[in-house]
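> Make a model of this:
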Amino acid sequence: MALIKTLKGKSPIFGSNCFLAETAVIIGDVIMGDNCTVWFNAVLRGDVHFIRIGNQVNIQDGAVIHCTYKVAPVNIGNFVSIAHNAIVHGCTIHDHVLIGMGAIIMDGAVIESNSIIAAGALVSKNTVVKSGSVYAGVPAVKIKDIDISLSEGEIHRIAGNYTKYASWYRE
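Take a look at the predicted model:
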């Protein structure tokens, strides 16, 4: 079972049908919606501020979700995929977003709905990624508008697949 830790009187709260891998770590003021998955070696530290996660969110292996003390919480919408080894820190991610492998999202950044942050991208502090954009690079910049095939082929497919993958571990 995952390491779920109460800290300073705050305990993580999980919606229905969530999958938490055995080596996942969830600490403190974390509230997660329904049908979410937190994979191996992912860490969600709600120790210095709160973390709020919507429904059908997958936080993949090695990802880190953290905040800045009393300044920058993390808010994640619905149908969001946070890929392997990504760092999400003190920011807001709206609905239907894909954060690529190894991407870093810094404090105060806002990732609007229906957007993709490419693998390895660094979204700088206070950057606003407009809805329907693909951002890549270090620092991340807009490289194109998202089209429907990319949205359905990546954002929605990945979010759905991780629910399916979790079912394999429940068998």
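> which residues does Ala103 contact?
Residues near Ala103 by Cβ atoms under 8 Å, 6 or more residues apart in numbering: Ala83, Ala86, Ile87, Ile117, Ala118, Ala119, Gly120, Ala121, Leu122, Val123, Ala140. Where C-beta positions appear, they are placed from N, C-alpha and C, glycine not excepted.
> Just name the closest of these to Lys70, please.
Nearest to Lys70 among the contacts of Ala103 is Ile87, at 19.8 Å by Cβ to Cβ.
> burial count for the spatially closest residue to Ile27 that is not a sequence neighbour?
In space, and not counting its chain neighbours, Ile27 is closest to Lys5: 4.5 Å by Cβ to Cβ, 6 or more residues apart in numbering. By other Cβ atoms under 10 Å, the residues close to Lys5 number 16.
> Ser115 too?
25.
> Give me the distance between it and Ala86.
To Ala86, Ser115 is 14 Å away according to Cβ to Cβ, to the nearest Å.
> go on, Val48?
Noted for Val48: a distance of 19 Å to Ala86, by Cβ to Cβ.
> how would you label Asp34: helix, strand or coil?
Of the three states, Asp34 takes coil under DSSP: H, G, I helix; E, B strand; the rest coil.
> can you tell me which residues contact the residue nearest to it when sequence neighbours are not counted?
Distances taken as Cβ to Cβ, 6+ apart place Gly15 nearest to Asp34, at 3.7 Å, with adjacent residues excluded. For Gly15, the contacting residues are Met32, Gly33, Asp34, Asn35, Cys36, Asn55, by Cβ under 8 Å, 6+ apart.
> Make a PyMOL selection of the buried ones in those.
In PyMOL, a selection of the buried entries from these looks like this (16 or more other Cβ atoms under 10 Å):
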select buried, resi 32+33+35+36+55
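> Could you work out the most separated pair of the contacts of Gly15?
Maximum pairwise distance in those, criterion Cβ to Cβ, is 9.8 Å, between Met32 and Asn35.
> Overlap of the contact sets of the two?
Shared contacts of Met32 and Asn35, counting by Cβ under 8 Å, 6+ apart, come down to Gly15, Cys18.
> Determine the longest helix present in the chain.
Assignment by DSSP state H gives helix 157-170 as the longest helix of the chain.
> For that helix, buried residues please.
Applying 16+ other Cβ under 10 Å to helix 157-170 flags Ile158, Ala159, Tyr162, Ala166 as buried.
> same deal with stretch 23-40?
Neighbour-count burial for stretch 23-40 [16+ other Cβ under 10 Å]: 23-33, 35-39.
> Among those, which one lies nearest to Val74?
For those, the residue nearest Val74 by Cβ to Cβ is Val30; the value is 9.1 Å.
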